[in-house]
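Participant: got a sequence here, can you model it:
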Amino acid sequence: MNLGAPNAYKALAEMYEDLGRNSEAKALYDKEAKNGDTKAMFILGMKYSDENNFEKAKKMFDMILQKDPKHTDALIEIGMLYKNQKNYKEAEKYYKKAISIKKTARYLTNLGVVYMLQLEENKAEKLYKEAIQMGGDGSEAAIYNLGILYYSNKRYKEAKELLKEAANKGNLKAKEFLKEMEKTNE
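Facilitator: Residues are numbered from 1 along each chain as shown. Presented below is the predicted three-dimensional model:
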């Protein structure tokens with residue numbers, strides 16, 4: 001570190017985390033973030049998000065976006081922060097911006113969830129179907145969410161098929177939901 005080796009602080013911070021010395025790790029990530037390291041900023045943002053510290057998490061992600069306005073993961077994380085605050089319109093704005101840069105099944109699914117929470121089911125359904133068609137990361141969640149959407153609209157047969165598919169792909173929530181459906185004979 002004294003010789004100025006790149007990422008030395010971050011490597012030491014990771015070692016501290018492995019040893020359970022989280023406050024020391026956070027201090028080192030903070031030092032790297034202040035030096036402009038976007039990876040350290042992202043790690044800190046995630047840590048603050050996990051601690052439900054909206055202001056500090058958003059500050060870290062905003063710092064990343066100042067350096068790289070097309071950093072889709074930072075955009076998505078800010079969207080999640082707003083979603084968790086129940087500020088769905090702001091979440092929608094950040095998700096849409098990320099999708100305009102890089103369209104993935106995961107990003108489409110996240111936006112679909114926000115539409116569901118705003119009771120815009122047709123928009124959610126369209127996004128879930130598009131995410132499923134794309135495949136990859138996020139498509140399994142889209143299958144599950146579309147199943148839940150169909151269930152809430154009393155489309156039980158379609159819901160069950162989708163939930164089985166999600167469960168077969170390892171979705172634990174889908175497995176639990178199917179068990180509950182069996183109890184109520186739906």
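Participant: N185: neighbouring residues, count only.
Facilitator: The tally of other residues near N185 (other C-beta atoms under 10 Å) stands at 6. No exception for glycine: its C-beta is placed from N, CA and C like everyone else's.
Participant: before we move on, what about D73?
Facilitator: Here the neighbour count serves as a burial measure; for D73 (other C-beta under 10 Å) it reads 16.
Participant: can you check G20 too?
Facilitator: A count of neighbours around G20, defined by other C-beta under 10 Å, yields 8.
Participant: now do E24
Facilitator: By other C-beta under 10 Å, the residues close to E24 number 15.
Participant: hang on, isn't it packed against E14?
Facilitator: No. Taking contact to mean C-beta atoms under 8 Å, the distance of 11.4 Å between E24 and E14 leaves them out of contact.
Participant: lowest confidence element among the helices and strands of this protein?
Facilitator: For the chain, the helix or strand with the lowest mean confidence is helix 8-18, at a mean of 71 (criterion: mean pLDDT, DSSP states H and E).
Participant: other SSEs contacting the following helix or strand past that one?
Facilitator: From helix 8-18 onward toward the C-terminus, using DSSP states H and E, the following helix or strand is helix 22-34. Under the contact definition 3 or more C-beta pairs under 8 Å, 6 or more residues apart in numbering; DSSP states H and E, helix 22-34 sits against helix 8-18, helix 38-50.
Participant: adding distance to N168, write those out as a markdown table.
Facilitator: Formatted as a markdown table, these follow (distance: least, C-beta to C-beta, whole Å):
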| stretch | distance to N168 |
| --- | --- |
| helix 8-18 | 35 |
| helix 38-50 | 30 |
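Participant: nearest to Y150, out of the ones you listed?
Facilitator: Distances from Y150 to each of the helices and strands packed on helix 22-34 were compared using C-beta to C-beta; the shortest belongs to helix 38-50, at 30.8 Å.
Participant: quick one: buried residues of the following helix or strand past that closest one?
Facilitator: Per DSSP H and E, the first helix or strand lying C-terminal to helix 38-50 is helix 54-67. When neighbours are counted by 16 or more other C-beta atoms under 10 Å, the buried residues of helix 54-67 are found to be 54, 57-58, 60-61, 63-65.
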